[in-house]
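**Student:** build me a structure from this.
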Amino acid sequence: MSTIVCDDKQAFWLQKFYITMLKIKVFELFYQIIESF
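**Tutor:** Model (predicted):
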């Protein structure tokens, strides 16, 4: 039972990590577009 909770917690943090990485990538792309103008 505890392993399932641990897996859910790991999946939650993994999802947060991916969302954060995605936001950083979008921000970098946006910054590059602004810089090019």
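**Student:** any weak-confidence spans in the chain?
**Tutor:** Applying pLDDT under 70 to the chain flags residues 1-6.
**Student:** hey, where'd the helices end up in it?
**Tutor:** Applying DSSP state H to the chain gives helices spanning 2-36.
**Student:** need the CA coordinates for stretch 18-30. CSV is fine.
**Tutor:** Extracted in CSV, the C-alpha atoms of stretch 18-30 (Å, rounded to 0.1, in the frame of the first residue of the first chain):
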residue,chain,number,x,y,z
TYR,A,18,8.0,18.3,-16.8
ILE,A,19,5.6,21.2,-16.6
THR,A,20,8.4,23.4,-15.2
MET,A,21,10.8,22.3,-17.9
LEU,A,22,8.1,23.0,-20.5
LYS,A,23,7.5,26.5,-19.2
ILE,A,24,11.3,27.2,-19.2
LYS,A,25,11.5,26.0,-22.9
VAL,A,26,8.5,28.2,-23.9
PHE,A,27,10.0,31.2,-22.0
GLU,A,28,13.4,30.7,-23.7
LEU,A,29,11.7,30.5,-27.2
PHE,A,30,9.7,33.6,-26.4
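**Student:** distance from the chain centre to it, please.
**Tutor:** Here the centre of stretch 18-30 is set off from its chain's centre by 7 Å, with Cα atoms, centre = their mean, to the nearest Å.
**Student:** before we move on, what about stretch 21-35?
**Tutor:** Centroid displacement of stretch 21-35 relative to its chain, using Cα atoms, centre = their mean, is 13 Å.
**Student:** repeat for stretch 27-37
**Tutor:** On the basis of Cα atoms, centre = their mean, stretch 27-37 sits 19 Å off its chain's mean C-alpha point.
**Student:** mind listing what's buried in it?
**Tutor:** By neighbour count on 16 or more other Cβ atoms under 10 Å, the buried set for stretch 27-37 is empty. Yep, even glycine has a C-beta here, placed from its N, CA and C like the rest.
**Student:** identify the residues contacting it?
**Tutor:** Around stretch 27-37, nothing counts as a contact under Cβ atoms under 8 Å, 6 or more residues apart in numbering.
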